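Predicted structure and sequence below. I'll ask about it afterward.
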Amino acid sequence: MVLLLCIFFAFSYFDSKYLLVATDAEYAKNTGRQLLELFLVVSIAAAIFLSLLIYSVLSTQNAARRMAYAISKDMSFSKEQFRRFYELSPVPYLLISPKGAITRPNKASLRFFGRTEENLIEKNFFSFLSLPEHSEKIMRYKDSAERRIPVVQKEVQVLLDSKELRWALLSIEDITTPGSYEHNCLVTLVDIHEQKELERIKTEFLSLASHQLRSPLANLKWYIDFLLNRRRDQMSEEVQGYLHKMYRRNSDMIELVNTLLNLSRIEMGRVKVEKESADMEALTKSVIEELEPTAQEKKISMETTFVGDLLLDTDIRLVRIILQNLLSNSLRYTKENGKVSIRLSGSTSQIRFEVEDTGVGIPPNEQGSIFSKLYRATNAKEIEANGNGIGLYMCKELVAGLGGTITFVSKLGEGTTFTFELPR
C-alpha cells in the first residue's frame, strides 16, 4: 500500500512538471532529469516498503518463537507434573503392552506387589491375577485389553511376591496416542483386601449364628405343633390362639434363618450346583401348593400356563428357592382380589419363567436398585414393615449361578412381571 501511494505521488509530480514545461522549448532537455527524479522517488518508496516488510516478518518470527517457546515450556512442565503424579501417586499404576507385558510400574505398584522394578518389567501382568473358579474371566480381561476395550473395576485377586493373594479392583484403559503405532494400556489397582476380609468374617459369623439358631427353632416348632395337635382338648381357646401365633412367628423365624444361611453360602461361594433332570411344571405346582393358603386368605387368584418341553437338568433346590421368593413377593404386595400369573415356556435352548402380579409395582426411580442386597422399595416398606430386602438379591445371585438371567418390568400401581431364563 505504501509503495502504491509513493508511485501515485511520483506520477502526479511528473504530470505537474510536464504541464509546466509543455510550452517550453526546452522540454526535451528536462525529460532526462524528470525521469531521474521519478526513479529516485520510486526507489525510496520501494526501500521503505521492503524495510517495513522485513520488520514485519522479523517481528512475526520473533513472536512465533516466543509463543513456541512458551508452549514448549508449558508442555514440558505438564509432562513433568504428570510424570511426578504417576510416579508418586499412592494408587498402584502400571503401563502394559497389548499382550500384557509390564513396561512401567509406579512406586505404589512396586509396594503393592512387594517386588523390585527389575522383577516386574517385561513380566506378564495377567499371570499375577487369580479368580477362584473363574479363570475364564482373567482371559476375558486380557482379551479386552488387547482389543482396546476398557475393563472397569473388576474384583480380582493379585499374587504378591510373598505368595499371598490380595483382593483389588482392576481397571484397564487404553491410552494409545492417536496416530501412534505404540499401543499402551494403563492398569489401575485399588486395594480392597481389608474390606473383603471384613465381609468374609461377617459372612462366616452370619453362617455360624444361623446354624446355631436353626436347631432350637426347629425344636420349638415341633413342641408347639405337638401341643396343638395332641393336647388341643386340654387347652382353652385362648391358649390355642396364643400357640397358633407362636407357631406362625416361629415359622417366620425359621424362614429368616434359612434365608440368612442361603445368603451366607452365596457370599462365601459355597453354593454348589447339583444338577439333575427335573420337571419344572411339577416343581412349580408344588411351590404354588405351598403358597396356596396365603393366596386364599387374600382372595388372590393364581393362574398357570405351561407350554413346551419343561424338563431341565438343573438344581431343583435352587430353582425352588427362586420361585418361592418371587411368588411370595407377588402375593405379599398384591392387594385382595388381585391376580398372580405363572407362565413357563420351554424352547430348544432354555426354559422361561414368568411371575406376573397386579400388585403395587415398583417406583421408577427405585427400579435400578431393586436387586441390591438389603434394599426395599419405599412403597413395599409401607405395606410390609418386616421385610429384609434379601429375597431379590438372592434370586439374582442364584439365577446367575445357574447360568441364567433375570429381569423385570413394572408400572407403579399396576403390577410387576419378573422373568428369569435358565439354559438347557
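Cool, got the structure.

For residue 115, which three-state class applies?
With DSSP: H, G, I helix; E, B strand; the rest coil as the basis, residue 115 sits in coil.

residues in contact with it?
For residue 115, the contact set (Cβ atoms under 8 Å, 6 or more residues apart in numbering) comprises residue 161. In short, each C-beta sits where N, CA and C put it, glycine included.

ok, 10 Å please
By Cβ atoms under 10 Å, 6 or more residues apart in numbering, the contact list for residue 115 reads 105, 109, 121, 123, 128, 160, 161, 162.

Where neighbours are concerned, which of those has the most?
residue 105 (26 neighbours; other Cβ atoms under 10 Å).

can you tell me which of the contacts of residue 115 are in helices?
residue 109 (DSSP state H).

Pick out the most distant pair among the contacts of residue 115.
121 and 162 (19.6 Å; Cβ to Cβ).

which SS state does residue 335 fall under?
Here residue 335 is recorded as coil under three-state DSSP.

For the remainder of this discussion, apply numbering that starts at 596.
That works, and once the first residue is 596, the last one we named lands at residue 930.

neighbours around it, how many?
Residue 930 - counted by other Cβ under 10 Å - has 13 other residues nearby.

Tell me the confidence at it?
With respect to pLDDT, residue 930 has a value of 89.

do residue 907 as well
92.

Who does it form a beta bridge with?
residue 873 (DSSP bridges).

surely it meets residue 942?
No. The pair residue 907 / residue 942 is not scored as a contact, 11.4 Å apart, by Cβ atoms under 10 Å.

can you list residues touching both of those two?
residue 1019.

The two: which is more packed in?
Ranked by neighbour count (other Cβ under 10 Å), residue 907 and residue 942 place residue 907 first, with 21 against 12.

what's that one in contact with, if anything?
870-875, 878, 914, 941, 945-946, 997, 1017-1019.

which residues of the stretch 796-945 of the chain score low on pLDDT?
798, 801-806, 854-855, 857-866 (pLDDT under 70).

I'd like to know how far the most centrally placed residue in the chain sits from residue 785.
Nearest to the mean C-alpha position of the chain, by Cα atoms, centre = their mean, lies residue 747 at 6.7 Å. Distance, residue 747 to residue 785, by Cβ to Cβ, to the nearest Å: 11 Å.

okay, and the common contacts of these two?
764, 765, 766.

among those, which are in strands?
764, 765, 766 (DSSP state E).

ok, what's across the strand from the last one?
Put plainly, it is residue 766. Assigned bridge partners for residue 766, using DSSP bridges, are residue 783.
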